[in-house]
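S.K.: kindly generate the corresponding structure for this input.
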Amino acid sequence: CLGILNSHRRFFLPYVAPVIWNAAMITTLLGFGRNHVQSQLAVILAWGSVVGSALQVGVQLPAVLRLLQGLNLSLADPRGNVAIIVRNFLPVFVGRGVLQISAYVDALLASLLPTGAVAALSYAQTLYTLPVSLFGMSISAAELPVMSGTVGGESVVAETLRVRLNSGLRQIAFFVVPSVAAFLVLGDVVVSAIYQSGRFQHADAMYVWGILAGASVGLVASTFGRLYASTYYALRDTRTPLRYAVLRVLLTTILGYLCAVPLPPALGIAARWGVAGLTISAGIASWLEFVLLRRTLNRRIGHSGAPPAYLVRLWVAALLAGAAGLAIQHFLAAGAPILRALFVLGPYGVLYFVFTIAFGLREAREGLERGIGLLRRLASRTPTTQRSRAG
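M.R.: You can find the predicted model right below:
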């Protein structure tokens, strides 16, 4: 469903549909959680996941069937498209899933560390993958149909791909850079707001923050790499991203073991902090993969990448906003973690946007114009709605 909808540039529905899957599991826990022991609840939750999966597909099927104008099932493949998909499946599966594969390797290595390391790593990975999914995957998915549909001579295709790639990189950086800055500077506020309750204390939040900060090292590279991989796929090249993805996993495994197991004792650091070494090493591997993807692609389509001056302005805006967030946090009295996050992260986001507008960045200005346009449309509809209700 996602592939068909994306091909027709319908992006909202397939990326919102998983919310229904999560909602089904949450509803299952709320409905059955108080009356069953944990082992029984695990089985019930598994069935709730099955129901959620069916609902996730069900909400997309009507739109998919309308786009297909009737679906005729057949084993015939006269145009050879199915054979192409089967042949490309494994390379794309590994290339697209390298983040999950790397996370799985990290979890295996974390199991060699003291108790609590695996759980803390999973908490950090949940937060770390959010910007990758929201910005890296979404923008890459939106660009892939346009890139794949590019026609013309070799120079025309290269120019079009380069323009789309550079534009997408700017969009990704505009959102991912402040995400990295927030994880590094205000990560304790983020982690506490989401996890701190019950047995999860502030000390646990600080531990997860350290792991999350390590993971942030490779966040920009991971999200950029997604878009570069999409550009390769638009060129019908699935093998090059696969090679670099395999290299990334191998490097993550070797560096991860060295940084997680023997390095902390050698430095006189508590063994449990080896999990931060895992995330840092994964970030280093992400940067290597990204550099290789960019270098090889630049040979084919010409120079690409987000302008350094643009990135510098983004980082300055994010760090200035982060400094303001730290100042607010310093003067806040101890309180509920969620309230602290509202008073710290809210101004952080607003100030970042203000600074990027002050720096004259196009993405900030366009975002402001879209926001104003949305408010105007809502305002223009209100009187009509009121008149219709009065009638």
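S.K.: run a quick neighbour tally on Cys1.
M.R.: If you count neighbours by other Cβ atoms under 10 Å, Cys1 ends up with 18. (Each C-beta comes from the backbone N, C-alpha and C, glycine too.)
S.K.: wait, it sits on Ser53?
M.R.: No: in this structure Cys1 lies outside contact range of Ser53 using Cβ atoms under 8 Å: 11.9 Å.
S.K.: wait, Leu144 touches Ser230, no?
M.R.: Yes: if you go by Cβ under 8 Å, Leu144 and Ser230 touch, sitting 4.5 Å apart.
S.K.: which of the two has more residues huddled nearby?
M.R.: Comparing Leu144 with Ser230 by other Cβ under 10 Å, the one with more neighbours is Ser230, at 28 against 20.
S.K.: next up, the contacts around the more buried one.
M.R.: The contact partners of Ser230, by Cβ atoms under 8 Å, 6 or more residues apart in numbering, come to 140-141, 143-144, 147.
S.K.: max pairwise distance over these: which two?
M.R.: With Cβ to Cβ as the measure, no two of the contacts of Ser230 lie farther apart than Ala141 and Met147, at 11.0 Å.
S.K.: grab the most central residue of the protein for me.
M.R.: The centre of the chain sits closest to Val132, judged by Cα atoms, centre = their mean, with a distance of 1.7 Å.
S.K.: can I assume that residue is in contact with Phe224?
M.R.: No: between Val132 and Phe224 there is no contact under Cβ under 8 Å: 10.6 Å.
S.K.: quick one: buried residues of stretch 322-332?
M.R.: Buried positions in stretch 322-332, judged by neighbour count with 16 or more other Cβ atoms under 10 Å: 322, 324-325, 328-329.
S.K.: in the protein, which helix or strand is least confident?
M.R.: helix 362-390 (a mean of 72; mean pLDDT, DSSP states H and E).
S.K.: so Glu369 versus Leu375, what's the distance?
M.R.: Computed as Cβ to Cβ, to the nearest Å, the Glu369 to Leu375 distance reads 11 Å.
S.K.: right, I mislabeled it, should have said Leu255
M.R.: As judged by Cβ to Cβ, Leu255 and Leu375 stand 48 Å apart.
S.K.: repeat for Leu342
M.R.: Taken as Cβ to Cβ, the span from Leu342 to Leu375 is 22 Å.
S.K.: between those two, which is the more surrounded one?
M.R.: Leu342 (13 against 10).
S.K.: tell me the pLDDT at the more buried one?
M.R.: Here, the pLDDT recorded for Leu342 equals 92.
S.K.: now for the helix or strand containing Ser39, which elements pack on it?
M.R.: Using DSSP states H and E, Ser39 sits in helix 38-58. Where contact means 3 or more Cβ pairs under 8 Å, 6 or more residues apart in numbering; DSSP states H and E, helix 38-58 is packed against helix 12-32.
S.K.: run the chain-centre distance for stretch 33-44.
M.R.: 31 Å (Cα atoms, centre = their mean, to the nearest Å).
S.K.: same check on stretch 47-67?
M.R.: 23 Å.
S.K.: for that stretch, which residues meet the burial criterion?
M.R.: Neighbour-count burial for stretch 47-67 flags 48, 52, 56, 60, 63-64 (criterion: 16+ other Cβ under 10 Å).
S.K.: and for stretch 304-324?
M.R.: By 16+ other Cβ under 10 Å, the buried positions in stretch 304-324 come out as 304-306, 310-311, 313-314, 317-322, 324.
S.K.: now, which of those sits nearest Tyr123?
M.R.: Nearest to Tyr123, judged by Cβ to Cβ, of the buried residues of stretch 304-324 is Gly322 at 21.5 Å.
S.K.: report pLDDT for that closest one.
M.R.: 95.
S.K.: same deal with Val180?
M.R.: Reported pLDDT for Val180: 95.
S.K.: what's the burial count for it?
M.R.: Neighbour tally, Val180, other Cβ under 10 Å: 23.
S.K.: immediately after the helix or strand hosting it, which helix or strand?
M.R.: According to DSSP H and E, Val180 maps onto helix 154-185. Where DSSP H and E defines the elements, the next helix or strand beyond helix 154-185 is helix 187-195.
S.K.: helices or strands next to the very next helix or strand once past that following helix in the packing?
M.R.: Using DSSP H and E, the helix or strand that follows helix 187-195 towards the C-terminus is helix 202-215. Counting contacts by 3+ Cβ pairs under 8 Å, 6+ apart, helix 202-215 packs against helix 117-131, helix 154-185, helix 187-195, helix 274-301.
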